[in-house]
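Trainee: Fold the stuff below for me.
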Amino acid sequence: MDTGIAAINEHVKEASAFAYRLREQIGTVIVGQRYLVDRLLVGLLANGHVLLEGVPGLAKTLAVKTLAQAIDARFRRIQFTPDLLPADLVGTMIYNPREGSFTTKRGPIFAHVILADEINRAPAKVQSALLEAMQEHQVTVARNRYTLDPPFFVLATQNPLEMEGTYPLPEAQLDRFLFKVMVPFPSEEDLVAIMDRTTGAEAPTAGKVANAAEIVEMQRLARAVPIAPHITAYAVSLLAASHPDQPRAPELVRDYVRYGGSPRGAQALVTAGKIYALLDGRFNVSIEDIRAVTLPSLRHRVILNFEGEAEGITPEAIVRSILDAVPAPSVE
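Mentor: Below is the predicted model of the structure:
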């Protein structure tokens, strides 16, 4: 028994040390943005994907690139545009006249960390190809299926300002993102530090703290974090309250929500809650861990009805009303 406890403590220390080293290396390049960095780290260890939204210039691309450098991962940035084709993403077949046969030219999707920049500018066929990669961790090129090497982590950005030439992301694709993170504008103090760091003679770079195999092992460890039945039940109750036809739904949900979150929303709450606890140095999930990840886990899974859109109700307001309405369970 003591040996088991010692092993658990060792795993927790290992995870906490990994998170500290990763934050430290990213911090050599990125000023502030602790909230963003922590959500990226949770998404990585959850083997999920993260959707980032924020105005231009908030270091979204730089944060993703720096994360890839710190974990020694193959990184590809794909600029999504209205004329992008699926072959530009996954690759295509090329005829070799010398050998008289076709060979596969792999596209940029064959990497560990993918930055899908301005993802909502690409048409449906491209989104379909990306969806297969996100969900199945494989791609199809001319009827041939290719498995993507783990870890496979998609980070997509959306610009909330420019709406012309954009396509709304399908709800099924939004549901594949573990988190939707709103990237905040930096404080004046952080802006001063950004000016000092980015206008000098040398640009800082992040050192390597892990490799692909170590990330896969950390993902396995994260899923092994135990969670009590009443904590899982609380996560399920939060998800159920996002549906207007459920008895737990608060008034704001009943009046302004068309569809609530899918079961993937509850999976996101539980998985992210486990990682949140692990990175905090604990090998058990608390109610506060679930509450801490509820907003990024559910905001993109709540679909407003016409009245909600007309009244200017935000998904964030809906999720906060759910957190206020669903009581935390008590354990006797």
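
Trainee: residue contacts, Lys180?
Mentor: Val50, Leu51, Leu52, Glu53, Leu174, Pro296, Arg299, His300 (CB atoms under 8 Å, 6 or more residues apart in numbering). To be clear about C-beta, it is placed using only N, CA and C from the backbone, and glycine gets the same treatment.

Trainee: now those residues in JSON lines, with secondary structure, neighbour count and pLDDT?
Mentor: Formatted as JSON lines, those follow (DSSP: H, G, I helix; E, B strand; the rest coil; neighbours: other CB atoms under 10 Å; pLDDT from 0 to 100):
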{"residue": "Val50", "secondary structure": "strand", "neighbour count": "24", "pLDDT": "92"}
{"residue": "Leu51", "secondary structure": "strand", "neighbour count": "26", "pLDDT": "92"}
{"residue": "Leu52", "secondary structure": "strand", "neighbour count": "26", "pLDDT": "89"}
{"residue": "Glu53", "secondary structure": "strand", "neighbour count": "18", "pLDDT": "86"}
{"residue": "Leu174", "secondary structure": "helix", "neighbour count": "14", "pLDDT": "89"}
{"residue": "Pro296", "secondary structure": "helix", "neighbour count": "23", "pLDDT": "94"}
{"residue": "Arg299", "secondary structure": "coil", "neighbour count": "22", "pLDDT": "93"}
{"residue": "His300", "secondary structure": "coil", "neighbour count": "21", "pLDDT": "93"}
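
Trainee: gap between the residue most central in space within the chain and Ile194?
Mentor: The centroid of the chain falls nearest to Val50 when counting by CA atoms, centre = their mean (1.9 Å). Distance, Val50 to Ile194, by CB to CB, to the nearest Å: 22 Å.

Trainee: go on, Phe18?
Mentor: Separation of Phe18 from Ile194 (CB to CB) stands at 26 Å.

Trainee: What is the burial count for the nearest residue to Val126 once chain neighbours are set aside?
Mentor: Excluding its sequence neighbours, the residue lying closest to Val126 (CB to CB, 6 or more residues apart in numbering) is Leu84, at 5.1 Å. Applying other CB atoms under 10 Å, we find 18 residues neighbouring Leu84.

Trainee: Can you tell me the SS state at Val42?
Mentor: Here Val42 is helix, with the state taken from DSSP: H, G, I helix; E, B strand; the rest coil.

Trainee: And it, how close does it get to Val270?
Mentor: 12 Å.

Trainee: Of these two, which one has the most company?
Mentor: For Val42 versus Val270, neighbours defined as other CB under 10 Å are more numerous around Val42 (29 against 23).

Trainee: quick one: secondary structure of the closest residue to that one other than its chain neighbours?
Mentor: Spatially, and ignoring its direct neighbours in sequence, Val42 is nearest to Ile275 (4.8 Å; CB to CB, 6+ apart). Secondary structure assignment for Ile275 (three-state DSSP): helix.

Trainee: and Ile275, what does it touch?
Mentor: Neighbouring residues of Ile275 by CB under 8 Å, 6+ apart: Leu41, Val42, Leu45, Ala46, Ala222, Val225.

Trainee: Kindly report the same for Gly91.
Mentor: Gly91 touches Thr104, Lys105, Arg106, Gly107, Ile109, Phe110, Val139, Val141, counting by CB under 8 Å, 6+ apart.

Trainee: from those, which is closest to Arg74?
Mentor: Phe110 (7.9 Å; CB to CB).

Trainee: What does the spatially closest residue to that closest one that is not a sequence neighbour show for phi and psi?
Mentor: Spatial nearest neighbour of Phe110, chain neighbours left out: Leu148 (6.6 Å); criterion: CB to CB, 6+ apart. Main-chain torsions, Leu148, degrees, to the nearest 10: phi -90, psi 140.

Trainee: tally of neighbours for Leu148?
Mentor: Per other CB under 10 Å, the neighbour tally for Leu148 reads 18.

Trainee: With Ile322 instead?
Mentor: 27.
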